[in-house]
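Trainee: pasting the structure only:
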């Protein structure tokens, strides 16, 4: 740290009976009162350098022995006044980045200008501030932080603005050209000229060397400094984002735990302090949000989600939450399920997690750009050989658009898996309304789900957690489920799931048997009634049905066991039991197929494809012979 010494005389100030005095052969004739403290001093050295004291002594009446001057609103308190008084007496004082702001404000208050005496205190302080303090990195940081105690004075004197400008300029230039004075971060406290100077200097070349020291600033000063840094246009947005992450970690540690604990335990006087801290954190969070770079990927999606969780807990402004939700939506394909588990703070909903906020994020994600055409426009005959530069540029633009389209499709596939995993987590919430679960499940386009195993598991968890659902509600819940996209393990689990509606179980059994039959390769053509039934469910009988995934992410703890389903008797007994218990058998009739024949076909489905299709073919032959 840089420092400056003024004066050459030894310190002769002493305290006697709660009064500060100075040893001198001349009797004192001036009493100065500064915020409850009394100083017994002499007029000549003080009035010769302080214009304000001259005016106050001229205005106040003189007593027989001492003239009294009161300074109740003195900036910097007794410490700053005593340094100014010692300067007037020629006593040695030491100035540094820690006290220069207080002394500068005090000297301005006392009007210690060049008009009173040449080489006065204000002049010396300005020279030291501009030539030394603002030239060093750590000195400028400490000085800027000390202006917090004197905001109005520092603004009027231009100290705050000069410190911010100096810090921003040092961030924007090469670190090797910066006089760091002491250190640049906690990782290296040794001076670059000391042991291992070359290696230490190499460490200083780290582009983000300034972030940790700037994190010590209060939020209002930090915000202004970051605005100056960003306006320079030389710092990459990723470094700006990393600096904001460091600052948030410094001032918002474990915000979710603290807020939840305070919300439940705060009472009485503690409630006021809790509210004050929450307000401070809320303003800090909103300031960080306003500083986020506009570029995609400047900050991680995980960090954005943490800010969104904190914003929800601290009840930040709706504009801040919507801005965070929009930014999360842009990078939603990078998120994890834990990132989206945002605690709910609404007492009206009673749910554990804020599903509405996640729904807003998902809607923002789906609203992002439309996919471009999948094939380029055909060029006319005769123009293929002579291609202009503009045509080549169009082709390049088209290739770029196809890449973005592919990236967008890949993002939707990742988000679909993410949402299905999120549905599995929130499905355990006993107070989660069915409408919210369905809305979130239906928000994903059908093409984004390559398989429905994760969605089926989420539905199964919800059914187990909400046994009070009636038949119509269970049907609504299963409406988004596509049985053709279930794996073998999922189909076998669904076949014996007592919580599923009958129609879903029947569809699962049929598609599983149809897939097994076509995979056997021994049937050249399916019967007409099977073709019609496959067509009614959107399956092309002429193509191999390979839309079903053979992999599954279902865990073993959910009892996705296929034991008990290996024999056709158990499967048929499960189906018959469901047929007997279900009162809504009319759902089985569709697309002109008779209920009796269709039901017989379902109930007569054997395990082995060869036996099943031989029986179906015999039924077809007998019916054709009758006609």
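Mentor: Sure, I can see it. Keep in mind the model is a prediction, meaning the values are calculated, not measured.
Trainee: make it CA atoms for all contacts and neighbour counts henceforth
Mentor: OK.
Trainee: and the strands in the protein?
Mentor: 3-6, 13-16, 19-22, 30-34, 37-41, 67-70, 93-96 (DSSP state E).
Trainee: any chance of those in TSV, plus mean pLDDT?
Mentor: Converted to TSV, these look like this (pLDDT from 0 to 100):
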stretch	mean pLDDT
strand 3-6	94
strand 13-16	93
strand 19-22	94
strand 30-34	93
strand 37-41	94
strand 67-70	90
strand 93-96	97
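Trainee: dump the ones you listed to JSON lines, plus distance to residue 328 and mean neighbour count.
Mentor: Below are the strands of the chain laid out as JSON lines (distance: least, C-alpha to C-alpha, whole Å; neighbours: other C-alpha atoms under 10 Å):
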{"stretch": "strand 3-6", "distance to residue 328": "48", "mean neighbour count": "14"}
{"stretch": "strand 13-16", "distance to residue 328": "62", "mean neighbour count": "12"}
{"stretch": "strand 19-22", "distance to residue 328": "62", "mean neighbour count": "16"}
{"stretch": "strand 30-34", "distance to residue 328": "55", "mean neighbour count": "20"}
{"stretch": "strand 37-41", "distance to residue 328": "57", "mean neighbour count": "20"}
{"stretch": "strand 67-70", "distance to residue 328": "58", "mean neighbour count": "18"}
{"stretch": "strand 93-96", "distance to residue 328": "45", "mean neighbour count": "16"}
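Trainee: nearest to residue 431, of these?
Mentor: Nearest to residue 431 among the strands of the chain is strand 93-96; the distance by C-alpha to C-alpha comes to 61.0 Å.
Trainee: OK, contacts around residue 429?
Mentor: 351-352, 465 (C-alpha atoms under 8 Å, 6 or more residues apart in numbering).
Trainee: next step: those residues restricted to helices.
Mentor: residue 465 (DSSP state H).
Trainee: tell me the one among the contacts of residue 429 nearest to residue 146.
Mentor: Looking across these and measuring by C-alpha to C-alpha, the closest to residue 146 is residue 352, at 43.7 Å.
Trainee: now that closest one: how far from residue 346?
Mentor: 9 Å (C-alpha to C-alpha, to the nearest Å).
Trainee: tell me which of these two has more neighbours.
Mentor: Set residue 352 next to residue 346 and count neighbours by other C-alpha atoms under 10 Å: residue 352 wins out with 18 against 13.
Trainee: give me the nearest residue to residue 20, chain neighbours excluded.
Mentor: Nearest residue to residue 20 in three dimensions, chain neighbours excluded: residue 39, at 4.8 Å (C-alpha to C-alpha, 6 or more residues apart in numbering).
Trainee: tell me what the one you found is bridged to.
Mentor: Beta bridges link residue 39 to residue 20, residue 32, judged by DSSP bridges.
Trainee: renumber starting at 58 from here on
Mentor: Yes, from this point I'll number from 58; that puts the last item at residue 96.
Trainee: how about the nearest residue to residue 109 once chain neighbours are set aside, what does it touch?
Mentor: With C-alpha to C-alpha, 6+ apart as the criterion, residue 109 has its nearest non-adjacent residue at 5.1 Å, and that residue is residue 167. Listed by C-alpha under 8 Å, 6+ apart, the contact set of residue 167 reads 107-110.
Trainee: equivalent analysis for residue 63, please.
Mentor: So residue 63 contacts 144, 147-151 (C-alpha under 8 Å, 6+ apart).
Trainee: could those residues be laid out in a markdown table, adding distance to residue 561?
Mentor: A markdown table is the format used below for the contacts of residue 63 (distance: C-alpha to C-alpha, whole Å):
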| residue | distance to residue 561 |
| --- | --- |
| 144 | 91 |
| 147 | 96 |
| 148 | 94 |
| 149 | 91 |
| 150 | 88 |
| 151 | 85 |
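Trainee: so which of those comes closest to residue 127?
Mentor: residue 144 (19.7 Å).
Trainee: what's the burial count for that closest one?
Mentor: 21.
Trainee: check residue 390 too.
Mentor: 20.
Trainee: isn't it up against residue 473?
Mentor: No - contact criterion C-alpha atoms under 8 Å: residue 390 and residue 473 do not qualify, at 9.1 Å.
Trainee: could I get the strands of the chain in CSV, plus columns for distance to residue 345?
Mentor: What follows is these, written out as CSV (distance: least, C-alpha to C-alpha, whole Å):
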stretch, distance to residue 345
strand 60-63, 34
strand 70-73, 48
strand 76-79, 47
strand 87-91, 40
strand 94-98, 42
strand 124-127, 44
strand 150-153, 31
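Trainee: so which of those strands comes closest to residue 425?
Mentor: Using C-alpha to C-alpha, the strands of the chain put strand 150-153 closest to residue 425, at 54.2 Å.
Trainee: give the pairing partners of that closest one; include direction for each.
Mentor: strand 60-63 (antiparallel).
Trainee: which pair in the contacts of residue 63 spans the largest distance?
Mentor: Of all pairs in the contacts of residue 63, the most separated under C-alpha to C-alpha is 147 and 151 at 12.2 Å.
Trainee: start to end distance for stretch 518-532?
Mentor: End-to-end distance for stretch 518-532: 15 Å, by C-alpha to C-alpha.
Trainee: so which residues make contact with that stretch?
Mentor: Residues from elsewhere that reach stretch 518-532 (C-alpha under 8 Å, 6+ apart): 481, 484-487, 491, 556-558.
Trainee: hmm, 10 Å instead?
Mentor: Residues outside stretch 518-532 that contact it (C-alpha atoms under 10 Å, 6 or more residues apart in numbering) are 480-492, 494, 512-517, 534, 536, 556-561, 615, 639-641.
Trainee: could I get the buried residue list for that stretch?
Mentor: 518-520, 522-523, 526, 528, 531-532 (16 or more other C-alpha atoms under 10 Å).
Trainee: next one: stretch 499-510
Mentor: Residues of stretch 499-510 classed as buried: 501, 505-506, 508-510 (neighbour count, 16+ other C-alpha under 10 Å).
Trainee: cool, stretch 206-224 as well?
Mentor: In stretch 206-224, counting by 16+ other C-alpha under 10 Å, buried: 210-211, 216-224.
Trainee: can you put the residues you listed in TSV and add pLDDT?
Mentor: Below are these laid out as TSV (pLDDT from 0 to 100):
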residue	pLDDT
210	97
211	97
216	97
217	97
218	97
219	97
220	97
221	97
222	96
223	96
224	96
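Trainee: and those residues, which is closest to residue 199?
Mentor: Checking the buried residues of stretch 206-224 one by one against residue 199 (C-alpha to C-alpha), the nearest turns out to be residue 220, at 9.5 Å.
Trainee: in contact with the closest one, which residues?
Mentor: Applying C-alpha under 10 Å, 6+ apart, the residues near residue 220 are 186-187, 190-192, 194, 196-202, 204, 226, 278, 282.
Trainee: go again with 7 Å.
Mentor: Contacts for residue 220 (C-alpha atoms under 7 Å, 6 or more residues apart in numbering) come out as 191, 197, 201.
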